[in-house]
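Student: predicted coordinates and the sequence they were generated for:
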Amino acid sequence: MTFLKNYVKRKKLFLGASFLKPQNPVDYDSPPNKHERNRDIEKYFRPSCLPLLNKRIDNLSFFDPYYDKKTSQITVPANLLHSPEETILNYFSILREAENLTSKKLGGCGTVGFAKIPFPLAYQFLTREYQKEMPYRSYLKSFEGIGHTNLLKLEKVPTLEGSRWFIEVETIEGTDKLSTNFAYYYGFVEVQQDKSLFKISRITLYPEDFLCAAYHGWDHDAEAVVDVKFGEWCGLIKKRMPTKKDGFVKTIEVIGKDGSDYKFIFFQLTNNTDVLISQYKRKPGGPWELSNLDPESCLNNKTRS
């Protein structure tokens with residue numbers, strides 16, 4: 001257990017999640033001119049207009065049964081945990097009006113939302129193992145500066161085992177300038193089943209940058225990623241088919257030089273950058289199967305040869 005406690009100390013926590021460095025586009029050496037697209041960069045600077053998903057709780061009376069209880073005494077109602085998707089939606093619905101503004105990160109004019117009342121109940125959505133890694137005091141501290149949280153995107157991520165979900169959240173955060181700012185984060189929620197209930201076993205978040213992709217590299221663009229990383233680095237592509245877009249999901253299929261077909265699924269973030277979520281391979285006459293080709297290893301092998 002000492003390892004887990006040290007792990008939490010080393011990892012930065014934010015919004016009850018492991019907070020990792022942004023996956024910013026990488027300026028690889030001089031990609032071909034066809035990837036230096038003349039494009040309208042204004043799209044990289046705009047906030048979200050999406051409707052929020054976490055709007056199931058809008059009355060403070062919902063928290064009445066939990067007022068006088070210690071965090072350890074609170075039990076989440078089973079009807080809020082009956083599927084992975086419901087667990088995540090209910091968790092973020094509880095957190096939507098929760099705030100932990102501080103003297104250094106101010107916002108609002110008086111009481112904001114439901115104040116800190118929702119946090120103890122939200123904490124009980126986490127598995128016991130996750131709670132051991134992140135005690136309640138650390139969990140609450142990870143929300144410092146947060147005045148409001150909106151869940152904008154929720155999508156299941158294909159995995160060979162377990163239950164993993166993509167999320168994107170929008171927060172309103174306090175500042176030391178008497179103003180409040182919108183910020184965006186994306187990441188993944190892992191859900192674990194305990195008998196007939198589902199609880200959150202891990203959350204990982206990455207910050208979104210609105211000044212990087214417009215000026216640097218091509219690594220944020222789905223088509224360029226497929227062309228360069230899987231085409232030029234791995235020598236995989238014979239022909240790339242037109243991109244299919246459904247909301248924030250971008251699907252790119254290619255015909256491989258090896259006779260197999262390949263499919264790449266990207267999710268588009270609020271800052272209009274594309275994140276590769278999953279890969280598939282289909283051998284001639286066969287079904288689509290999850291794949292995990294690492295283009296970085298292709299590049300390293302190419303560099304060594």
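Tutor: All right, it came through fine. Predicted model only: the values in this text are computed from it and were never measured. Numbering: from 1, shown residues only.

Student: only C-alpha atoms from now on, for both contacts and neighbour counts.
Tutor: Will do.

Student: show the pLDDT at residue 144.
Tutor: Model confidence at residue 144, given as pLDDT, is 97.

Student: correct me, but it touches residue 98?
Tutor: No: with contacts counted by Cα atoms under 8 Å, residue 144 stays clear of residue 98, the gap being 10.8 Å.

Student: more neighbours, those two?
Tutor: Neighbours were counted for residue 144 and for residue 98 using other Cα atoms under 10 Å; residue 98 has more, 23 against 18.

Student: residues contacting that one?
Tutor: 113, 114, 115, 116, 117, 118, 119, 146, 147, 148, 149 (Cα atoms under 8 Å, 6 or more residues apart in numbering).

Student: can you count the residues close to the first one?
Tutor: The burial metric for residue 113, expressed as a neighbour count using other Cα under 10 Å, is 16.

Student: gap between it and residue 16?
Tutor: Note on residue 113: its distance to residue 16, by Cα to Cα, to the nearest Å, is 19 Å.

Student: kindly report the same for residue 66.
Tutor: 20 Å.

Student: next, residue 168: phi, psi?
Tutor: phi -130, psi 130 (degrees, to the nearest 10).

Student: any regions of the stretch 1-150 of the chain where pLDDT drops low?
Tutor: Flagging of the stretch 1-150 of the chain using pLDDT under 70 yields the residue ranges 1-11, 22-40.

Student: helices of that one, residue ranges please.
Tutor: 2-10, 84-95, 119-123, 128-133, 136-141 (DSSP state H, counting those that start in this stretch).

Student: nearest to residue 158 among these would be which one?
Tutor: helix 84-95 (13.6 Å; Cα to Cα).

Student: run through the neighbouring helices and strands of the closest one.
Tutor: Applying 3 or more Cα pairs under 8 Å, 6 or more residues apart in numbering; DSSP states H and E, one finds that helix 84-95 makes contact with helix 119-123, strand 146-157, strand 180-194, strand 197-207.

Student: want to throw the ones you listed into TSV with distance to residue 263 and mean neighbour count?
Tutor: Formatted as TSV, the helices and strands packed on helix 84-95 follow (distance: least, Cα to Cα, whole Å; neighbours: other Cα atoms under 10 Å):
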stretch	distance to residue 263	mean neighbour count
helix 119-123	37	22
strand 146-157	14	21
strand 180-194	21	18
strand 197-207	25	21
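
Student: closest one to residue 249 among these?
Tutor: Here strand 146-157 is closest among those (Cα to Cα), at 9.6 Å.

Student: direction included, what does that closest one pair against?
Tutor: Here strand 146-157 has these sheet partners by DSSP bridges: strand 163-174 (antiparallel).

Student: what comes into contact with the partner strand?
Tutor: With Cα under 8 Å, 6+ apart, strand 163-174 has contacts from 84, 101-102, 105-107, 145-158, 180-192, 269.

Student: pLDDT (mean, whole number) over it?
Tutor: 97.

Student: equivalent analysis for stretch 193-205, please.
Tutor: Here the average pLDDT along stretch 193-205 is 96.

Student: next one: residue 264 relative to residue 240, how far apart?
Tutor: Counting by Cα to Cα, the gap from residue 264 to residue 240 is 11 Å.

Student: count the neighbours of the residue nearest to residue 143 when sequence neighbours are not counted for me.
Tutor: Spatial nearest neighbour of residue 143, excluding adjacent residues (Cα to Cα, 6 or more residues apart in numbering): residue 15 at 4.9 Å. Neighbours of residue 15 under the rule other Cα under 10 Å: 21.

Student: can you tell me which residues contact residue 15?
Tutor: 139, 142, 143.

Student: could I have the buried ones of those residues as PyMOL selection syntax?
Tutor: Buried members of those, defined by 16 or more other Cα atoms under 10 Å, are picked up in PyMOL with:
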select buried, resi 139+142+143
